[in-house]
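*Asks:* How does the following fold in three dimensions:
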Amino acid sequence: MTSLLEVRDLKKYFQTKAGALHAVDGVSFVLEAGKTLGVVGESGCGKTTLGRTVLHLLEPTDGQMFFEGEDITRAKGKELRRLREQMQIIFQDPFSSLDPRKSVSESIMEPLILRGGMPRSEMLSQTRELMDTVGLAARFESSYPHELDGGRRQRIGIARALALRPKFIVCDEPVSALDVSIQAQIINLMLDLQDAMHLAYMFVTHDLSVVKYISDDIMVMYLGQVVEKAPSNELFSDTLHPYSKALLSAIPNPDIEKKTERILLHGEITSPINPKPGCRFMARCRYASEECAMQQSLVECSPGHFVSCCKYDKI
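*Replies:* Numbering: from 1, shown residues only. Okay, here's the model as predicted:
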């Protein structure tokens with residue numbers, strides 16, 4: 001079976017006065033249709049840059065990307081325009097991602113207008129159908145973003161992403177700006193839409209509780225690199241990388257009787273500008289040794305479970 005999206009050794013560097021900032025550095029993964037890949041890590045690890053590079057909102061520095069078996073690494077012009085009908089994004093902040101001068105129906109209809117080839121009456125009919133699909137009442141059709149709460153604004157963003165019937169959506173922390181009660185509604189909506197439309201998601205987040213609930217596989221990033229990738233349940237039950245263990249230890253436990261060890265990280269964060277070979281987590285890792293200064297690569301330690309640590313079986 002051909003994968004929907006395959007990324008090979010993807011790199012995205014930004015030039016600064018001090019040198020090249022390695023925002024995404026050698027990331028590889030495969031995503032099947034109808035599945036969700038969770039991408040987690042602390043702020044600045046490169047997860048949002050990864051999603052935007054896959055969508056060609058940022059052009060890759062190096063590496064290859066394939067969509068339905070077709071090389072899209074250097075897609076331009078008409079090819080890129082056609083590709084973007086199949087690949088969409090839901091932004092983190094539903095307020096700043098919407099034009100305050102456009103009503104709900106105008107915002108959702110915009111992708112259909114840009115694509116063209118459809119009478120306005122049919123576009124309006126599809127817009128109303130999309131509003132119903134994402135749970136927006138018809139009475140909000142002429143409302144503006146400032147008149148709605150965060151949950152409804154994000155539903156507009158989801159409807160707009162679905163307008164062209166894509167196969168793949170980058171979800172860039174789509175619930176982090178919402179209240180907890182609204183978060184659950186949006187996550188459940190996204191899961192229902194995935195089942196109904198066979199969507200593939202790249203779900204970018206720093207909320208490990210959410211990512212466990214929605215993801216089939218989880219990829220942990222640190223300073224532009226993948227340090228661990230595994231099926232969702234296995235990552236939580238058999239965590240191998242020291243950084244992944246520190247992240248998971250930060251999840252609050254609702255059972256006050258159960259004591260869990262909180263792993264606190266110390267030391268300076270390695271600069272992502274012209275980083276040296278070796279493990280980038282070494283400066284903050286309590287298990288670090290001279291061996292860690294050598295070039296690290298992902299190793300498959302069990303079927304589907306990859307880790308970038310030379311000591312994963314010793315700690």
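*Asks:* Now for residue 103, how many residues are close by?
*Replies:* Using other CB atoms under 10 Å, the number of residues around residue 103 comes to 17. The way it works is simple: take the backbone N, C-alpha and C, and place the C-beta from them, glycine included.
*Asks:* My guess is it contacts residue 141. True?
*Replies:* Yes - Residue 103 lies in contact with residue 141 (CB atoms under 8 Å); the separation is 7.0 Å.
*Asks:* Can you spell out which helices and strands pack onto the top helix by length along the chain?
*Replies:* Using DSSP state H, we find that the single longest helix of the chain is helix 180-197. Using 3 or more CB pairs under 8 Å, 6 or more residues apart in numbering; DSSP states H and E, the elements in contact with helix 180-197 are helix 150-162, helix 208-214.
*Asks:* can you do 10 Å?
*Replies:* strand 36-40, helix 120-133, helix 150-162, strand 168-172, strand 200-205, helix 208-214 (3 or more CB pairs under 10 Å, 6 or more residues apart in numbering; DSSP states H and E).
*Asks:* Mean neighbour count and mean pLDDT for the ones you listed - can I get that in TSV?
*Replies:* Formatted as TSV, the helices and strands packed on helix 180-197 follow (neighbours: other CB atoms under 10 Å; pLDDT from 0 to 100):
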stretch	mean neighbour count	mean pLDDT
strand 36-40	25	96
helix 120-133	15	95
helix 150-162	23	94
strand 168-172	24	96
strand 200-205	25	96
helix 208-214	18	88
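*Asks:* Out of those, flag the one nearest residue 305.
*Replies:* In terms of CB to CB, the element of the helices and strands packed on helix 180-197 nearest to residue 305 is strand 36-40, at 14.4 Å.
*Asks:* can you give me the angle that closest one makes with strand 168-172?
*Replies:* Calculated by axes from the mean of the first three to the mean of the last three CA atoms, to 10 degrees, strand 36-40 forms an angle of 30 degrees with strand 168-172.
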